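Visitor: Have a look; sequence and predicted model below, questions after that.
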2 protein chains.
Amino acid sequence: MKQKAIFYHAGCPVCATAEQTFVAALDPARFDVEVVHLAQQRARIEEAQRAGVRSVPALLINGQVFHINHGADLKDLV
Amino acid sequence: MKQKAIFYHAGCPVCATAEQTFVAALDPARFDVEVVHLAQQRARIEEAQRAGVRSVPALLINGQVFHINHGADLKDLV
């Protein structure tokens, strides 16, 4: 069964680069990656915060948050 | 042909988590990942700096540097 990974972003250029290069490099045989645009899906900001996301872009995988470079602080999206 | 990706780290706990979860999630059909321990392979610090690495752990992929969370600044390894 595939694992779920969630890529949180906010449409920033840093986010777009990370999505195109980094998220695209994940093994599609093992991961289903959901891409969540937090500026457009504001109802999911709280979920991201609970998962430990402090800034975007971030990838949640195996319950662990990886902040990739820095586009925007989550607190600035609230 | 596989693309080469380089994961730079310095043996820190943040680096180890990133390697075990994140680097392991890359598609092995498309990427050959070299893991470089900069504290043990100090001759490669300059190469990492030239590539744009400012802190570890970092992944160099398609010529782009992705800083993943934050373990240590590269300048502190020099």
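Guide: Ah, there it is.
Visitor: give me the element residue A:45 is part of.
Guide: helix A:45-51 (DSSP states H and E).
Visitor: Show me what the helix or strand that that helix is followed by is packed up against.
Guide: Using DSSP H and E, the helix or strand that directly follows helix A:45-51 along the chain is strand A:55-61. Where contact means 3 or more Cβ pairs under 8 Å, 6 or more residues apart in numbering or on different chains; DSSP states H and E, strand A:55-61 is packed against strand A:3-9, helix A:13-17, helix A:45-51, strand A:64-73. Quick note: C-beta positions are derived from backbone N, CA and C, even for glycine.
Visitor: Strand A:64-73 and the first one, what's the angle between them?
Guide: Angle of strand A:3-9 versus strand A:64-73, following axes from the mean of the first three to the mean of the last three Cα atoms, to 10 degrees, is 10 degrees.
Visitor: Strand A:3-9 versus strand A:55-61: what angle between them?
Guide: Inter-element angle recorded for strand A:3-9 and strand A:55-61: 180 degrees (by the same axes, to 10 degrees).
Visitor: What distance do you get for residue A:10 to chain B?
Guide: Separation of residue A:10 from chain B (Cβ to the nearest Cβ, to the nearest Å) stands at 17 Å.
Visitor: Check the burial of that residue by counting its neighbours.
Guide: Other residues within reach of residue A:10, judged by other Cβ atoms under 10 Å in any protein chain shown, total 21.
Visitor: Also residue A:29?
Guide: Residue A:29: 9 surrounding residues under other Cβ under 10 Å.
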